[in-house]
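S.K.: show me how the following folds:
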Amino acid sequence: MEFSSWLVVLAMALLASLLLLFSKKSDFQYHKRKSPPGPTPWPIIGNLDLIGPLPHQSLHKLSQKYGPIMQLKFGSFPVVVASSAEVAKQFLKTHDHVFASRPQTAAGKHTTYNYLNITWAPYGPYWRQGRKIYLSELFSSKRLESYEYIRVEERRVFMSRLCSMSGKPIMLKDHLSRLTLSIISRIVLGKKYFSESKDETSIVTLEEFQEILDELFLLNGVLNIGDWIPWIDFLDLQGYVKRMKALRKKLDRFHDHVFDEHKARREGEKDFVPKDMVDLLLQMADDPNLDVKLTYESVKGFTQDLIAGGTDTSATTVEWAMSELLKQPHLIKKATEELDRVIRRDRWVEERDIPQLPYINAIMKETMRKHPVAVLLAPHLALEDCNIAGYEIRKGTRIFINTWSVGRNPSIWYAPEEFCPERFLGKDIDVKGQNFELLPFGSGRRMCPGYSLGLKMISSSLANLLHGFDWKLPDNMKVEDLGMDEVYGLATPRKFPLIAVVEPRLPLNLY
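M.R.: Model (predicted):
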């Protein structure tokens with residue numbers, strides 16, 4: 001009996017030791033795998049109930065409570081949001097290789113030919129080859145320089161058009177979109193495939209093409225419930241997938257028309273030399289030496305990326321800049337004083353002049369800080385477990401970088417809600433992905449490969465608008481009436497388009 005009692009005591013002591021050891025191990029595992037702070041999710045929907053019509057602003061408010069790195073659950077998937085430059089740097093630079101992929105979404109499947117563009121392609125050989133083509137062929141310095149005459153010609157037409165409307169209220173975004181669309185169409189497609197009205201030479205009108213792009217940007221930015229709760233995806237509760245499929249048919253019709261013309265011209269020329277980006281891509285699709293074969297659908301995906309990426313983003317940024325300047329006319333005076341001093345009034349601003357215009361550059365950077373076009377960078381996907389800022393980020397987590405929130409961080413920016421270009425004067429902060437407090441084009445492997453073209457178009461358009469015209473609001477509108485509300489999407493434009501009145505300020509023969 002005595003021996004049996006000791007056995008029981010020994011067994012209980014051993015069990016207690018194992019429980020204590022397991023408890024300590026679990027505690028260690030908990031601390032080792034501590035998740036970022038965040039709100040408690042509901043069953044099924046997770047934290048989707050906390051996201052309003054402007055998700056970046058909803059997430060900004062949550063970050064003020066939970067901190068610069070926080071975890072939520074959107075339906076079935078964990079989501080981590082970075083709202084500070086330090087945390088963004090860890091995701092996009094320190095551990096860039098871990099977060100270089102994209103989650104699969106309905107938009108990527110239906111509007112980009114099953115993830116065959118650069119934006120939504122998963123990290124791997126296909127994406128690496130596409131990025132290499134973009135950087136070494138399509139957006140090389142030599143290639144961009146060779147297309148400068150197109151940008152100059154279209155800008156002159158744009159300035160003449162605005163001059164002809166002097167004294168009348170104009171909707172600036174419409175004219176900016178037409179400018180950027182004309183430039184990108186000629187660079188990418190070789191000519192403008194749209195016209196003012198439907199005729200035999202064009203496949204779409206300007207208005208129809210703009211509607212296609214608007215729909216593309218909206219559907220690539222929406223919070224589609226089926227992406228987050230996959231088992232109800234087939235219901236298409238918001239009707240987004242139906243719209244994506246309808247959009248793809250329109251895009252197919254447009255691409256097929258463009259490519260047929262290019263192939264016919266190529267077959268008809270004995271010593272064919274590529275004249276535009278579609279020519280280059282179609283030529284590469286026939287190249288047997290490429291590491292990953294490009295298909296016809298690949299060329300469609302890349303072409304679509306080039307057109308969409310270069311149009312609305314540039315026009316939206318310039319419209320935001322002019323909106324902010326019209327609220328503070330003294331800033332326009334500072335800009336025109338610099339332009340008159342450096343450029344004088346006998347010519348237009350050229351791209352090579354931009355480095356000598358620090359105040360114009362400061363206006364552009366301040367616009368990108370306060371109104372980044374991509375308020376939430378396209379989501380990244382964790383390819384493996386990774387420790388960020390002391391927290392464990394699990395494989396499969398979706399990562400959002402809230403650039404809108406980073407641009408309003410009072411620990412980085414004084415008076416962040418004010419539009420103040422002077423904050424950038426004399427500061428070595430650029431927008432090329434190395435200063436993590438200002439990431440309009442993203443950073444790291446998934447940074448926008450066309451940022452150099454975007455900067456040329458934005459800075460030269462903005463400089464010439466200020467150099468060429470005096471600006472004011474319509475007579476019936478006061479500065480305080482100019483709202484700054486926005487609409488969420490892949491690009492984030494003004495809710496109500498800017499309407500302004502222009503008068504030429506240079507000699508009329510320049511227009």
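S.K.: quick one: mean pLDDT over the host helix or strand of residue 154.
M.R.: Using DSSP states H and E, residue 154 falls within helix 148-164. Averaging pLDDT along helix 148-164 gives 97.
S.K.: which secondary structure elements does it contact?
M.R.: Helices and strands touching helix 148-164, as assessed by 3 or more C-beta pairs under 8 Å, 6 or more residues apart in numbering; DSSP states H and E, comprise helix 172-184, helix 451-468, strand 499-504. Every C-beta, even on glycine, is put in place using the N, C-alpha and C of the backbone.
S.K.: next up, phi/psi of the residue most central in space within the chain, please.
M.R.: By C-alpha atoms, centre = their mean, the chain has its centre lying nearest to residue 374, at 3.9 Å. As for residue 374, its main-chain torsions (degrees, to the nearest 10) stand at phi -90, psi 90.
S.K.: which residues are in contact with it?
M.R.: Residue 374 makes contacts with 313, 403, 440, 442, 490, 491, 492, as judged by C-beta atoms under 8 Å, 6 or more residues apart in numbering.
S.K.: contacts only, for the third one.
M.R.: Shown in contact with residue 440 (C-beta under 8 Å, 6+ apart): 317, 368, 372, 373, 374, 403, 431.
S.K.: swap in 6 Å and give it another go.
M.R.: 368, 372, 431 (C-beta atoms under 6 Å, 6 or more residues apart in numbering).
S.K.: who are the contact partners of the last one?
M.R.: Think residue 431. Counting by C-beta under 6 Å, 6+ apart, residue 431 touches 368, 438, 440.
S.K.: and which of those is nearest residue 304?
M.R.: When those are compared for distance to residue 304 (C-beta to C-beta), residue 440 wins out at 21.1 Å.
S.K.: please tell me how far the residue nearest to that closest one when sequence neighbours are not counted sits from residue 455.
M.R.: The shortest distance from residue 440 to any residue other than its chain neighbours is 4.0 Å, reached at residue 368 (C-beta to C-beta, 6 or more residues apart in numbering). Counting by C-beta to C-beta, to the nearest Å, the separation of residue 368 from residue 455 is 10 Å.
S.K.: follow-up on the earlier one: taking helix 451-468 as reference, get the angle to the helix holding residue 154.
M.R.: Counting by axes from the mean of the first three to the mean of the last three C-alpha atoms, to 10 degrees, helix 148-164 lies at 30 degrees to helix 451-468.
S.K.: in helix 148-164, what counts as buried?
M.R.: 150, 151, 154, 155, 158, 159, 162, 163 (16 or more other C-beta atoms under 10 Å).
S.K.: now stretch 341-352
M.R.: 342, 343, 348, 349, 351.
S.K.: cool, and stretch 56-69?
M.R.: Buried residues in stretch 56-69, counted by 16+ other C-beta under 10 Å: 56, 57, 59, 60, 62, 63, 66, 67, 68, 69.
S.K.: contacts for that stretch?
M.R.: 36-38, 51-52, 70, 81-84, 87, 375-376, 389, 402, 404-405.
S.K.: what does stretch 48-55 give?
M.R.: Stretch 48-55 is contacted from outside by 58, 74, 488, using C-beta under 6 Å, 6+ apart.
S.K.: inside strands: which ones of those residues?
M.R.: Cross-referencing the contacts of stretch 48-55 against strands under DSSP state E gives residue 74.
S.K.: which one of the contacts of stretch 48-55 is nearest residue 266?
M.R.: Distance to residue 266 across the contacts of stretch 48-55 (C-beta to C-beta) is lowest for residue 488, with 41.2 Å.
S.K.: any idea how far the nearest residue to that closest one once chain neighbours are set aside lies from residue 77?
M.R.: Excluding the flanking residues, the one nearest residue 488 by C-beta to C-beta, 6+ apart is residue 54, at 5.1 Å. Here the criterion is C-beta to C-beta. By it, residue 54 lies 21 Å from residue 77.
S.K.: swap in residue 301?
M.R.: 25 Å.
S.K.: so between these two, which is more surrounded?
M.R.: Ranked by neighbour count (other C-beta atoms under 10 Å), residue 301 and residue 77 place residue 301 first, with 26 against 18.
S.K.: that's a helix at the more buried one, yeah?
M.R.: Yes - counting by DSSP: H, G, I helix; E, B strand; the rest coil, residue 301 is part of a helix.
S.K.: which ones are touching it?
M.R.: The contact partners of residue 301, by C-beta under 6 Å, 6+ apart, come to 112, 113, 116, 117.
S.K.: before we move on, the earlier item: show only the entries of the contacts of residue 440 found in helices.
M.R.: Among the contacts of residue 440, the members found in helices (DSSP state H) are residue 368.
S.K.: pLDDT added to the contacts of residue 440, as CSV?
M.R.: Shown next, in CSV, are the contacts of residue 440 (pLDDT from 0 to 100):
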residue, pLDDT
368, 97
372, 95
431, 94
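S.K.: tabulate the contacts of residue 440 (a markdown table), appending distance to residue 96.
M.R.: Rendered in a markdown table, the data for these read as follows (distance: C-beta to C-beta, whole Å):
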| residue | distance to residue 96 |
| --- | --- |
| 368 | 21 |
| 372 | 20 |
| 431 | 18 |
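S.K.: so which of the contacts of residue 440 is the closest to residue 306?
M.R.: Of all the contacts of residue 440, the one with the least separation from residue 306 (C-beta to C-beta) is residue 431, at 19.9 Å.
S.K.: look up how far residue 477 lies from the closest one.
M.R.: Distance from residue 431 to residue 477, by C-beta to C-beta: 31 Å.
S.K.: for the stretch 101-250 of the chain, which segments count as helices?
M.R.: Assigned by DSSP state H, counting those that start in this stretch, the stretch 101-250 of the chain shows helices spanning 106-111, 125-133, 141-146, 148-164, 172-184, 206-221, 225-228, 240-268.
S.K.: residue 316 is in contact with residue 458, correct?
M.R.: No - when contacts are counted by C-beta atoms under 6 Å, residue 458 is not listed as touching residue 316 (9.7 Å).
S.K.: picking up where we left off before, now for the buried residues of stretch 56-69: which two are most distant?
M.R.: Pairwise distances across the buried residues of stretch 56-69 peak at 18.2 Å for 57 and 69 (criterion: C-beta to C-beta).
S.K.: just name the closest of the buried residues of stretch 56-69 to residue 296, please.
M.R.: Of all the buried residues of stretch 56-69, residue 296 sits closest to residue 56, with 36.1 Å by C-beta to C-beta.
S.K.: residue 115 contacts residue 126, doesn't it?
M.R.: No - counting by C-beta under 6 Å, residue 115 stays clear of residue 126, with 8.7 Å between them.
S.K.: can you give me the helices for the stretch 351-500 of the chain?
M.R.: Along the stretch 351-500 of the chain, counting by DSSP H, counting those that start in this stretch, helices occupy 358-370, 403-406, 451-468.
S.K.: gap between the shortest one and the chain center?
M.R.: Right, the one you point to is helix 403-406. In terms of C-alpha atoms, centre = their mean, to the nearest Å, the centre of helix 403-406 is found 13 Å from the chain centre.
S.K.: which strands and helices sit next to it?
M.R.: Here helix 403-406 touches helix 55-66, going by 3 or more C-beta pairs under 6 Å, 6 or more residues apart in numbering; DSSP states H and E.
S.K.: what's the angle from the helix it packs on to helix 206-221?
M.R.: Relative orientation of helix 55-66 and helix 206-221, computed by the same axes, to 10 degrees: 30 degrees.
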